[in-house]
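1. sequence unknown, structure follows:
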């Protein structure tokens, strides 16, 4: 079932992300979509939640008020496949970006192939490209990142500097400077994030992935776990070699 509520106090993309992520953290909430222009949020619930429960999930800055409309939904098999297709379409930018990063890393070593060189350039390009998207909304990214990263939850400033940390790691790999240190930091940073991603997937929480910032609305899926796992495996192989 879907319910639409009025929400006051929202002024920017960061507010939008904060309200959506806060509501999605509630048990029983499958999705939450904010219409910033209309100051409304559409909430998809597996079971009905009281208005007070929704308000408690938000900070004092935001006030959720009367229900605008209610739409009951029963899913047919066709609608299920449409939803799965929609998820794939949402993840399409992520797949395309990974494809281009892989292709670029391969082309950089087409004349003098080296697995180590390929992995270093892949990791460097990965960090640079992903940090770019995070920097498109430096205000909104921390709220989304704190929804699943354990360290960001406990140390808010970590979420704020994370895009810059990724940029620095990307440059270290591409410039082949202090590679061992960069690999160790990668294992620590992505290890923490992957733990949070895994817990979110096991808890079946419907939240957005902040891997590409808030500019692209990506759902948290197994694809997020896989992309982190690839980087962790590469870092381990590089350290072993």
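-> Cool, the structure landed. What you are looking at is a predicted structure, and each value in this text was computed from that prediction instead of being measured.
2. list of residues touching the host helix or strand of residue 236?
-> Per DSSP states H and E: residue 236 is located in helix 222-240. For helix 222-240, the external contacting residues (C-beta atoms under 8 Å, 6 or more residues apart in numbering) are 91, 94-95, 98, 116, 119-120, 122-123, 126, 179-180, 183-184, 186-187, 190-191, 193-194, 197-198, 201, 209, 211, 218. (Each C-beta comes from the backbone N, C-alpha and C, glycine too.)
3. so how far is that helix off the chain centroid?
-> Offset of helix 222-240 from its chain centre (C-alpha atoms, centre = their mean, to the nearest Å): 17 Å.
4. list the buried residues in that helix.
-> By neighbour count on 16 or more other C-beta atoms under 10 Å, the buried set for helix 222-240 is 223, 224, 225, 227, 228, 230, 231, 232, 234, 235, 238.
5. can I get those residues in CSV with distance to residue 105 and pLDDT?
-> Listed next are those as CSV, based on distance: C-beta to C-beta, whole Å; pLDDT from 0 to 100:
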residue, distance to residue 105, pLDDT
223, 19, 74
224, 20, 80
225, 21, 83
227, 14, 86
228, 17, 87
230, 12, 91
231, 13, 93
232, 17, 94
234, 11, 93
235, 15, 94
238, 14, 91
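6. and of the residues you listed, the nearest to residue 15?
-> Checking these against residue 15 with C-beta to C-beta, the nearest one is residue 224 at 24.0 Å.
7. how near is that closest one to residue 198?
-> Distance of residue 224 to residue 198, given as C-beta to C-beta, to the nearest Å: 10 Å.
8. give the contact list for residue 92.
-> Applying C-beta under 8 Å, 6+ apart, no residues contact residue 92.
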